[in-house]
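**Student:** Here is my input, please return the structure:
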Amino acid sequence: MSTPRYRLQPYAGSKTRFECPGCGQRRSFTRWLDTHTGELLPSHLGYCNRTDKCGYATSPYDKDEAGKRYVDTLHALPQVRVRPAQHRPPQKRPLRLIPQEIVARSMQGYAHNVFTTLLQRHFGGDVADDLIRRFEIGTSAHWPGATVFWQRDAQGRMRGGQVVLFDEDGHTAKKVGADGVTRRCTTWVHTSLAHVYDRSGKPRPEWLQAYLDPAHEVKRSPSLYGMGQLTALSPGSPVAIVEAPKTAVLCTPYFPQFTWLAVGALDYLNAERLHPLKEYPITLYPDASEHGRAYAKWCAKADELRSMGFRIAVSDILEKQATPSQKKVGIDLADVLLENWAGYPLNWDADSL
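**Tutor:** Numbering: from 1, shown residues only. Take a look at the predicted model:
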């Protein structure tokens with residue numbers, strides 16, 4: 001594999017670490033390096049090493065407010081040297097976190113949670129309980145029987161929670177709204193809580209009001225789902241990434257050789273979210289799609305990520321095996337597992353008989 005054009009500057013003493021444009025801490029900022037010229041990229045591009053207190057992170061592949069990437073600008077004008085002074089460091093956007101008491105309050109009511117009931121039916125109580133703990137699955141009252149997929153980042157900070165209502169077959173439920181439009185039953189914890197406070201006429205708590213500030217939209221949930229598993233994972237262990245949290249959970253007992261994570265959506269796959277996985281071999285499992293659009297998109301993204309030093313491959317299992325009708329509805333690995341489930345094996349309960 002050829003050396004990537006851009007990489008974070010290797011540590012060679014304090015002279016290779018700089019003042020962070022986010023928190024202002026000296027000697028804590030690692031800048032990006034152009035390996036073709038040996039020159040550092042503009043001073044606002046890099047990662048703050050104080051991830052637990054700052055978390056500032058930008059790369060030459062990130063889009064600015066105008067939707068442009070530094071790397072594209074440089075490639076379009078290779079003869080022009082872009083001076084760091086021409087780039088104004090972006091304003092620091094403070095992290096927005098979910099209080100732990102909100103998370104703890106959701107970790108109950110599993111007998112009425114459609115998804116955790118499905119897990120118990122498929123895998124038995126012990127495996128289901130392990131998956132609930134491992135993936136921090138909660139219960140929401142936004143819809144009766146709804147599930148919360150809590151999103152904790154690599155530093156252990158709770159960044160957000162997705163609320164989903166499933167039907168008994170494990171598919172996302174749909175409901176007809178007051179406007180007559182049928183919509184998927186998905187939302188976010190902060191949105192759900194805002195509705196609760198607004199309907200009751202009570203003021204929103206300070207943390208929620210700050211969390212809903214539209215100026216900080218990007219910093220709410222930029223993490224992969226299931227990142228808490230990395231604390232027990234040794235470097236070099238294989239990781240698998242799918243789109244939906246449900247799929248990551250269901251694949252774990254079937255394919256335990258991987259640590260399963262979810263990116264949340266097809267377009268969410270990027271270097272920022274995958275940065276904590278630089279030391280791990282990654283396999284992507286895109287959903288099936290018409291004309292192979294999802295597969296092609298993740299293949300192109302994998303090429304870009306490999307140029308940045310990631311070890312990453314893309315599975316074509318669904319691309320090859322899904323039928324045209326399955327591709328039309330966009331099935332994923334979880335759909336295949338659920339459709340081919342032969343029933344709960346009685347021998348799983350042999351020890352308790």
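**Student:** Where does the prediction get shaky in the chain?
**Tutor:** Within the chain, the ranges that satisfy pLDDT under 70 run 1-4, 51-53, 65, 73-94, 215-221, 342-353.
**Student:** how about the strands in it?
**Tutor:** Taking DSSP state E to define them, one finds strands in the chain at 6-8, 29-34, 46-48, 57-58, 137-140, 146-152, 158-164, 174-176, 182-184, 186-188, 239-242, 259-262, 282-284, 312-314.
**Student:** Would you mind pulling the contact partners of stretch 287-302?
**Tutor:** 242-243, 266-267, 269-270, 284, 286, 310, 312-314, 316, 318-319, 322, 326-328, 330-332 (Cβ atoms under 8 Å, 6 or more residues apart in numbering). C-beta: built from backbone N, CA, C; applies to glycine.
**Student:** Likewise for stretch 181-190?
**Tutor:** Contacts for stretch 181-190 (Cβ under 8 Å, 6+ apart): 98, 102, 140, 142-143, 146, 148, 160-165, 172-177, 208, 211-212, 220-221.
**Student:** Show the buried residues in those.
**Tutor:** Buried members of the contacts of stretch 181-190, counted by 16 or more other Cβ atoms under 10 Å: 98, 102, 140, 142-143, 146, 148, 160-165, 173, 208, 211-212, 220-221.
**Student:** related to what we said a few turns ago, among the contacts of stretch 287-302, which ones are buried?
**Tutor:** 242-243, 266, 269-270, 284, 286, 310, 312, 314, 318-319, 322, 326-327, 330-332.
**Student:** gap between stretch 239-249 and the chain center?
**Tutor:** Relative to its parent chain, stretch 239-249 has a centroid offset of 9 Å by Cα atoms, centre = their mean, to the nearest Å.
**Student:** Let's see the distance spanning that stretch from one end to the other.
**Tutor:** 13 Å (Cα to Cα, to the nearest Å).
**Student:** What lies in contact with it?
**Tutor:** Against stretch 239-249 from outside (Cβ under 8 Å, 6+ apart): 115, 119, 131, 135, 137, 149, 162, 164, 166, 170, 224-226, 233, 251, 255, 258-266, 269, 274, 277, 280-287, 332-334.
**Student:** Which helix in this protein has the most residues?
**Tutor:** For the chain, the helix with the greatest residue count under DSSP state H is helix 293-306.
**Student:** Nearest spatial neighbour of G264, chain-adjacent residues omitted?
**Tutor:** Spatial nearest neighbour of G264, chain neighbours left out: Y225 (6.4 Å); criterion: Cβ to Cβ, 6 or more residues apart in numbering.
**Student:** give the contact list for the one you found.
**Tutor:** Counting by Cβ under 8 Å, 6+ apart, Y225 makes contact with 135, 149, 151, 162, 245, 248, 261-264.
**Student:** how far away is it from G201?
**Tutor:** According to Cβ to Cβ, to the nearest Å, Y225 and G201 sit 34 Å apart.
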